[in-house]
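> this one's structure only:
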């Protein structure tokens, strides 16, 4: 009788461990966006975050804050953006709204071995006879739009700025997949070799 109870205990413990492990592994470790009518999957590096700091932020104080409060190992500075790596940077990424010098934070992504730096904006090209307000309505007013000025004035490209950077991929993909209003919708990014 003890053997049966012991086996039952082992079976329940094993099932519980597998269930807990499954929940832990369900954390999303990739995103995707559309390019040339196909999904492009990129892996998420939660140990590195792109940080857009506010205009007028005291950069040395912000860097010191990241080192002391979040034990960040490495900080790269370029084009008014920081890439912070290591330490507890992911914890800050989950609650950066509490820090006024930080406009947004986005994890760094990889496509194969190339680092992809994603900026908190979406580039769209409207279909003919579609008004930009229809796209804004489709997103339920989760974005603000600015006409992309570095193209031909008749070009129908816009930059969309999500109010919540954590929804960047969701918004871009939803517009592309479900709106019927655009030729494309892609998070703005650049790839480092």
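Perfect, thanks for sending it. Keep in mind it's a predicted model, so treat the numbers as computed, not measured. Numbering: from 1, shown residues only.

> alpha carbons only for contacts and neighbour counts from here, please
Noted.

> Quick check: the gap between residue 107 and residue 180.
According to C-alpha to C-alpha, to the nearest Å, residue 107 stands 29 Å off from residue 180.

> count of residues packed around residue 179?
The number of residues packed near residue 179 is 13, by other C-alpha atoms under 10 Å.

> dump the residue contacts of it.
Each residue near residue 179 by C-alpha atoms under 8 Å, 6 or more residues apart in numbering is listed here: 135, 138.

> Same check on residue 91?
Contacts of residue 91 by C-alpha under 8 Å, 6+ apart are residue 70.

> Let me know the secondary structure of it.
helix (DSSP: H, G, I helix; E, B strand; the rest coil).

> just the strands in the protein please.
Listed in chain order, the strands of the chain (DSSP state E) span 30-35, 38-53, 74-78, 81-85, 102-111, 114-126, 143-147, 157-162, 182-192.

> Check the contact between residue 165 and residue 104; I expect there is one.
Yes: using C-alpha atoms under 8 Å, residue 165 makes contact with residue 104 at a distance of 6.3 Å.

> More neighbours: these two, which one.
Legend: neighbour count by other C-alpha under 10 Å for residue 165 and residue 104, higher for residue 104 (22 against 17).

> Kindly state the beta-bridge partners for the more buried one.
residue 52 (DSSP bridges).

> didn't it look like it was pressed against residue 49?
No: taking contacts as C-alpha under 8 Å, residue 104 lies outside contact range of residue 49: 9.8 Å.
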